[in-house]
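[1] what's the 3D shape of this:
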Amino acid sequence: MKNKLRNKLINIRKNNYLEIDKNHISKIFKDLKDKYKKTKVIGGYIPINHEFDCIKLLKYLEKKNYIICLPVIKKNYNMDFYKFTFKDPFKINKLGIIEPFNFPKKLVPDLIFVPLVGYDKNLNRLGYGGGFYDRYFEKNKNIKKIIKIGLAFSFQKTKKIPSNKFDIKIDRIVTEKKI
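    Below is the predicted model of the structure:
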């Protein structure tokens, strides 16, 4: 059931992809600054497959002196986040995902932007099915409360995302229309 929905939503996203404008990026930043004052370390991602592109947002946050980190895929479907600047080199991992080339410092972000394949009104998310983010949030839940913000397009919303005990909800969703 999840695979069928996932394939449908990926296809919809591919056919309806939108660029996020600079005004919206600054609105997202203002919202983050107002709501999450103690946030210093931001986890992001480099988009693939027509995902919501958060690169402009991460660059903007880096200029505002936030520490940026990106995920690096590890063995057994695990991942960790590593400090990154946009001056640092990238590499492409075995799954075709862009990651930092060097891993200078492992960090647990205060806030993570999570790419979404789909979402529902109950803050359930659908990813690619590997469970990387769910495992990461579970592994770090006793270290700190990570704010999980899903980034998606409004057309990725669906009536209900099937979920199980391993699926971890996100805290907020940001789309091109709504923060």
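
[2] how many neighbours does the closest residue to residue 92 other than its chain neighbours have?
    Once flanking residues are discounted, residue 92 sits nearest to residue 98: 5.8 Å by C-beta to C-beta, 6 or more residues apart in numbering. Glycine gets a C-beta too; all of them are placed from N, C-alpha and C. By the criterion of other C-beta atoms under 10 Å, residue 98 has 14 neighbours.

[3] For residue 98, report the pLDDT, please.
    Note on residue 98: pLDDT of 86.

[4] quick one, what contacts it?
    By C-beta atoms under 8 Å, 6 or more residues apart in numbering, the contact list for residue 98 reads 46, 48, 90, 91, 92.

[5] show me where this protein has strands.
    Secondary structure of the chain (DSSP state E): strands located at 41-43, 67-73, 79-84, 90-92, 98-100, 106-107, 111-115, 118-119, 125-126, 147-151, 172-174.

[6] of all these, which lies closest to residue 26?
    Nearest of the strands of the chain to residue 26, taken as C-beta to C-beta: strand 172-174 at 13.0 Å.

[7] May I have the strands that pair with the closest one, each with its orientation?
    strand 147-151 (parallel) (DSSP bridges).

[8] Can you tell me the centre-most residue of this structure?
    Central residue check for the chain by C-alpha atoms, centre = their mean: the C-alpha nearest the mean position is that of residue 114, 1.9 Å away.
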